[in-house]
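Colleague: Predicted coordinates and the sequence they were generated for:
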Amino acid sequence: QVQLVESGGGQVQAGGSLRLSCAASGRTSSSYTMAWFRQAPGKEREFVAGVRGSGGGTVYPDSVKGRFTISRDNAKNTVALQMNDLKPEDTAVYYCAARKQPLLIPTAQALYDYWGQGTQVTVSS
């Protein structure tokens, strides 16, 4: 089993930055694909960034491309999401997710095996 714990959420004004962190423990592996999703009130959970395992490679949707950066530190079993130029529409609960199969970075939440509890990000205008 893998446990994921997010931190770093909070409230920020539009144009500001936040850095989220996800700490993995348990039977984790540096080969796992890691991702961040978010869910705003009344909306479905959506993919915002993913990073492949040991070989690297990242994926972002157009809505965050150029503003968000995902990175991982396999030695520390952590994944970070640097969010810049935040907008009110980025307000959501952000979740860290892990997928045991390493080769792909799927955007569908159903393809991820482990989830954190989420951290709230609120961007005010």
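Modeller: Right, received. Where do you want to start?
Colleague: And the residue nearest to residue 67 when sequence neighbours are not counted, how close does it get to residue 122?
Modeller: What sits nearest to residue 67 in space, not counting adjacent residues and going by CB to CB, 6 or more residues apart in numbering, is residue 85, at 4.8 Å. C-beta here means a position set from N, CA and C on the backbone, and glycine is covered the same way. Residue 85 is 16 Å from residue 122, where distance means CB to CB, to the nearest Å.
Colleague: What are the buried residues along stretch 36-49?
Modeller: Within stretch 36-49, the residues that count as buried by 16 or more other CB atoms under 10 Å are 36-38, 45, 47-49.
Colleague: Which of those residues sits closest to residue 23?
Modeller: Taking CB to CB as the measure, residue 23 lies nearest residue 36 of the buried residues of stretch 36-49, at 13.6 Å.
Colleague: So what sits opposite that closest one in the bridge?
Modeller: Per DSSP bridges, the residues bridged to residue 36 are residue 49, residue 96.
Colleague: check contacts around it.
Modeller: 20, 22, 47-50, 68, 70, 79, 81, 94-97 (CB atoms under 8 Å, 6 or more residues apart in numbering).
Colleague: Next one: the residue nearest to the spatial centre of the chain from residue 125, what distance?
Modeller: With distances taken as CA atoms, centre = their mean, residue 36 lies nearest the centre of the chain, 1.9 Å away. For residue 36, the distance to residue 125 (CB to CB) stands at 23 Å.
Colleague: what's the answer for residue 25, then?
Modeller: 37 Å.
Colleague: what's the answer for residue 99, then?
Modeller: Taking CB to CB, one finds residue 99 at 35 Å from residue 125.
Colleague: could you dump the helix or strand hosting residue 21 to PDB, C-alpha only?
Modeller: Per DSSP states H and E, residue 21 falls inside strand 18-26. Output in PDB follows, covering the C-alpha atoms of strand 18-26 (Å, rounded to 0.1, in the frame of the first residue of the first chain):
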ATOM      1  CA  LEU A  18       2.000  28.500  -4.500                       C
ATOM      2  CA  ARG A  19       4.100  25.300  -4.300                       C
ATOM      3  CA  LEU A  20       2.300  22.100  -3.400                       C
ATOM      4  CA  SER A  21       4.200  19.000  -2.200                       C
ATOM      5  CA  CYS A  22       3.200  15.400  -2.000                       C
ATOM      6  CA  ALA A  23       5.000  13.000   0.300                       C
ATOM      7  CA  ALA A  24       4.800   9.300  -0.600                       C
ATOM      8  CA  SER A  25       5.400   6.500   1.900                       C
ATOM      9  CA  GLY A  26       4.800   2.700   2.100                       C
END
